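Colleague: sequence? don't have it. structure:
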């Protein structure tokens, strides 16, 4: 997500979460921490290929070995098409890149659709936050995912990539001629 995405993201935010939508300042604040060497945030948007309009967005905050899904949303028109899974997978990859061992999130207790998505990815319920969503005073279910398996897979991939890079650096610059021309 970049600054020019904020306006269309806000339109979708207000359509999906009319009572507790984020403000423009909240998105600006998050994006201020999403770039550069000290970045602690990862935000992404997904566009509808047919219209070019934003069909979903998601964000993750990381601090030490802990990350938190800040937001994830998919337009109603895109529900059931797998976009929520794609966005969540992107956030989990970012959590691995940030070297987080645990990912937390809050989800409305009445949002069973989202809860099922998170469960498919291995999140487990660990508690509640009473009255978390305001002004409706809706409780949040807190869920946790331990990233150990994902981190091990990512570490193995990075090790293989580094080994391939070292091998490429040590290889001769030009392949020998075969003389069969």
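Modeller: Noted; the coordinates are in hand. Note that the coordinates shown come from a computational prediction; the quantities given were computed from them, not determined experimentally.
Colleague: which residues are contacting stretch 75-93?
Modeller: With contacts defined as C-beta atoms under 8 Å, 6 or more residues apart in numbering, stretch 75-93 is touched by 12, 15-16, 42, 44, 46, 48, 54-60, 69, 72, 74, 103, 113-114, 117-118, 120-121, 145, 147, 150, 154. All C-beta spots, glycine's among them, are computed from the backbone N, C-alpha and C.
Colleague: Could you rerun that using 7 Å?
Modeller: The contact list for stretch 75-93, computed with C-beta atoms under 7 Å, 6 or more residues apart in numbering, reads 12, 42, 44, 46, 48, 55-56, 58, 60, 69, 72, 74, 103, 117, 121, 150.
Colleague: for stretch 97-117, which positions count as buried?
Modeller: Across stretch 97-117, burial judged by 16 or more other C-beta atoms under 10 Å covers 98, 100-101, 103-109, 114-115, 117.
Colleague: Give me the mean pLDDT for it.
Modeller: Mean pLDDT, stretch 97-117: 95.
Colleague: what does stretch 62-72 give?
Modeller: Average pLDDT, stretch 62-72: 95.
Colleague: Let me see the ranges of the helices in the protein.
Modeller: 6-16, 24-32, 83-97, 112-120, 148-170 (DSSP state H).
Colleague: which one is the residue nearest in space to the middle of the chain nearest to, not counting chain neighbours?
Modeller: Per C-alpha atoms, centre = their mean, the C-alpha nearest to the average position across the chain is that of residue 91, at 2.0 Å. Setting aside the residues directly before and after it, residue 91 is nearest to residue 60 in space (C-beta to C-beta, 6 or more residues apart in numbering), at 4.5 Å.
Colleague: Next up, the contacts around the one you found.
Modeller: Residues near residue 60 by C-beta under 7 Å, 6+ apart: 41-42, 67-70, 91, 94-95.
Colleague: Name the helix or strand of the chain that has the lowest mean pLDDT.
Modeller: Lowest on mean pLDDT, DSSP states H and E among the helices and strands of the chain sits helix 148-170, with a mean of 61.
Colleague: State the number of residues packed around residue 125.
Modeller: The tally of other residues near residue 125 (other C-beta atoms under 10 Å) stands at 14.
Colleague: Kindly report the same for residue 13.
Modeller: 21.
Colleague: Which residue is the nearest non-sequential neighbour of it?
Modeller: Distances taken as C-beta to C-beta, 6+ apart place residue 21 nearest to residue 13, at 4.7 Å, with adjacent residues excluded.
Colleague: Can you flag which of the contacts of stretch 75-93 belong to strands?
Modeller: Judged by DSSP state E, strands contain the following of these: 42, 44, 46, 55-56, 58, 60, 69, 72, 74, 103.
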